[in-house]
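Engineer: build me a model from this:
(one chain, ligands or ions: 1)
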Amino acid sequence: MSDTSRRLETLTVTAGRPPHVPGAPLNEPVTFASSFVAGGDLEYARYGNPSWTALEEALGALEGGECISFASGMAAVSAVLAQVPVGGAVVVPRHSYQHTLALLDDGASAGRYEVRRVDVADAAAVEAALPGAAMVWLESPTNPALEIADLPRLTAAARAAGVVSVVDSTFASPLLQRPLELGADVVVHSATKLIAGHSDVVLGAVVTDQAALAARIRHHRGLHGAIPGPMEAFLTLRGLRTLSVRLGRAEANARALARRLATASGVLEVRDPGFGTVLAIVLVDAAAADKVVQRVRLWIPATSLGGVESTLERRRRWATEAATIPEGLIRLSVGIEHIDDLADDLLAALA
Ligand code: PLP
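Structural biologist: This next block holds a predicted model:
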């Protein structure tokens with residue numbers, strides 16, 4: 001049985017390991033090298049490193065394509081958006097990750113491309129924006145509004161319209177959503193989040209099952225130099241090994257917490273996409289939300305998400321966050337602590 005025929009939980013543990021031969025290390029070691037002796041597969045480390053290769057094998061096996069790892073999620077986003085021809089149009093959720101939108105706005109103001117913002121939960125609206133576009137960016141769930149896109153419908157519509165479809169699947173991880181299987185051309189991850197899982201590394205990944213596209217994106221990485229460090233690749237792969245157990249625990253916590261928050265004092269709305277580890281609550285205004293963030297003791301006030309530790313932040317504290325995100329919205333990244341401790345701390349801060 002080939003490795004890739006195994007179940008995803010097994011692949012998180014087995015993929016990207018050295019061969020089982022006597023004396024071999026169980027894990028691909030970190031290779032600190034800028035240059036390799038000429039004549040082998042690797043020559044210069046901007047084009048390859050064995051520590052990346054191991055991680056890329058694992059993420060590629062999980063998503064069902066060829067993986068190219070990057071220095072950050074944003075480097076991965078940039079490399080994919082660079083595939084849009086000058087003068088092309090990009091369809092994007094109005095509540096995509098704020099810096100994906102900022103990068104698109106930069107490209108639009110430089111005259112690189114046109115940006116069409118849509119409500120990604122409204123499939124008909126996305127379809128209406130597709131004609132003549134070069135790329136449709138689908139983020140699902142969106143950050144931080146937690147809207148869900150109908151990925152099979154939208155990737156099929158994109159294909160029929162000749163539009164490249166990309167899914168930023170950061171909030172789902174490969175264990176909860178496999179966009180290539182759902183018809184997407186490209187998957188993007190901020191592996192900084194759930195995949196690495198310990199809030200100690202920044203890394204991004206692109207996966208596609210189209211060889212020509214993968215080659216172009218790899219070429220872009222080599223020329224632009226947005227490469228992951230070998231230590232970061234090692235840490236990300238080590239984090240990936242425990243993704244299924246972390247995710248299982250954090251998802252159970254998130255669903256239980258959403259139920260308890262539904263009746264909590266001052267909470268106007270609980271947003272729960274029904275899977276994954278991120279929730280959002282909406283309070284009456286910014287001051288009420290800031291007070292909760294200041295009062296928690298166990299939860300950590302911090303940006304980012306997907307770590308083992310629970311974090312929260314009021315998203316509109318960032319001036320760059322979309323104006324349509326409520327001022328009182330707190331994003332909750334639910335970790336793997338005991339649910340009662342998490343709930344007690346947050347409910348006390350809300351009371
Ligand atoms: N995509 C999403 C959905 C994100 O939430 C983030 C970061 O928060 C990124 C991309 C960018 O990733 P990175 O911070 O690793 O550059």
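Engineer: grab the nearest non-local neighbour of Arg153.
Structural biologist: Closest residue to Arg153 apart from its sequence neighbours, by Cβ to Cβ, 6 or more residues apart in numbering: Ala123 at 5.2 Å. The way it works is simple: take the backbone N, C-alpha and C, and place the C-beta from them, glycine included.
Engineer: for Ala264, that is, sorry about that
Structural biologist: Leu350 (5.0 Å).
Engineer: so who does Leu261 touch?
Structural biologist: 267, 270, 279, 281, 346-347 (Cβ atoms under 8 Å, 6 or more residues apart in numbering).
Engineer: returning to that earlier point: wait, doesn't the residue nearest to Arg153 sit right on Ile148?
Structural biologist: No: Ala123 lies out of contact with Ile148 (Cβ atoms under 8 Å); the separation is 10.4 Å.
Engineer: same drill for the two, tell me which one is more crowded.
Structural biologist: Ala123 (16 against 13; other Cβ atoms under 10 Å).
Engineer: OK, contacts around that one?
Structural biologist: 149-150, 153-154, 157 are the contacts of Ala123 under Cβ under 8 Å, 6+ apart.
Engineer: what subset of the residues you listed is buried?
Structural biologist: 149-150, 154, 157 (16 or more other Cβ atoms under 10 Å).
Engineer: please name the nearest non-neighbouring residue to the residue of the chain found nearest the ligand.
Structural biologist: Using Cβ to the nearest ligand atom, the closest approach of the chain to the ligand is made by Gly73 at 2.2 Å. Leaving aside its chain neighbours, Gly73 sits nearest to Ser190 (2.7 Å; criterion: Cβ to Cβ, 6+ apart).
Engineer: enumerate the positions of the lengthiest helix in the chain that are buried.
Structural biologist: Assignment by DSSP state H gives helix 243-261 as the longest helix of the chain. Neighbour counts over helix 243-261 (16+ other Cβ under 10 Å) mark 243-244, 246-247, 249-251, 253-255, 257-258, 260-261 as buried.
Engineer: try stretch 338-346
Structural biologist: Of the residues in stretch 338-346, those buried (16+ other Cβ under 10 Å) are 339, 342-343, 345-346.
Engineer: so where do the strands sit in the stretch 1-150 of the chain?
Structural biologist: Along the stretch 1-150 of the chain, the segments classed as strands by DSSP state E, counting those that start in this stretch run 66-70, 89-93, 114-118, 135-139.
Engineer: could I get those strands as JSON lines with distance to Glu43, mean pLDDT and mean neighbour count?
Structural biologist: Below are these laid out as JSON lines (distance: least, Cβ to Cβ, whole Å; pLDDT from 0 to 100; neighbours: other Cβ atoms under 10 Å):
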{"stretch": "strand 66-70", "distance to Glu43": "18", "mean pLDDT": "98", "mean neighbour count": "26"}
{"stretch": "strand 89-93", "distance to Glu43": "35", "mean pLDDT": "98", "mean neighbour count": "25"}
{"stretch": "strand 114-118", "distance to Glu43": "39", "mean pLDDT": "98", "mean neighbour count": "18"}
{"stretch": "strand 135-139", "distance to Glu43": "33", "mean pLDDT": "98", "mean neighbour count": "26"}
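Engineer: Glu63 versus Leu176, what's the distance?
Structural biologist: 12 Å (Cβ to Cβ, to the nearest Å).
Engineer: burial count for the closest residue in space to Ala102 that isn't next to it in sequence?
Structural biologist: Once flanking residues are discounted, Ala102 sits nearest to Thr320: 6.1 Å by Cβ to Cβ, 6+ apart. Thr320 has 10 neighbouring residues, counting by other Cβ under 10 Å.
Engineer: in this structure Thr320 contacts Gln98, no?
Structural biologist: Yes: assessed by Cβ under 8 Å, Thr320 is found in contact with Gln98 at 5.1 Å.
Engineer: and the residue most central in space within the chain, what does it touch?
Structural biologist: Closest residue to the average C-alpha location of the chain: Thr170 at 1.7 Å, with Cα atoms, centre = their mean. Contact analysis of Thr170 by Cβ under 8 Å, 6+ apart lists 73, 97, 139, 143, 188-190, 193-194, 306.
Engineer: need the buried ones from the residues you listed selected in ChimeraX.
Structural biologist: In ChimeraX, a selection of the buried entries from the contacts of Thr170 looks like this (16+ other Cβ under 10 Å):
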select :73,97,139,143,188,189,190,193,194,306
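Engineer: quick check, nearest of the contacts of Thr170 to Gly132?
Structural biologist: Closest approach to Gly132 among these (Cβ to Cβ): Glu139, at 21.5 Å.
Engineer: pLDDT score for the closest residue to that closest one other than its chain neighbours?
Structural biologist: Spatial nearest neighbour of Glu139, chain neighbours left out: Asp168 (4.2 Å); criterion: Cβ to Cβ, 6+ apart. For Asp168, the pLDDT comes out at 98.
Engineer: what about Asp168, neighbour count?
Structural biologist: 28.
Engineer: for Thr263, see how far away it is.
Structural biologist: 33 Å.
Engineer: next one: Val187
Structural biologist: From Val187 to Thr263 the distance is 37 Å (Cβ to Cβ).
Engineer: please apply the same query to Ala323.
Structural biologist: Taking Cβ to Cβ, one finds Ala323 at 30 Å from Thr263.
Engineer: who's more crowded, the two?
Structural biologist: Remark: of Ala323 and Thr263, Thr263 carries more neighbours, 9 against 6, as counted by other Cβ under 10 Å.
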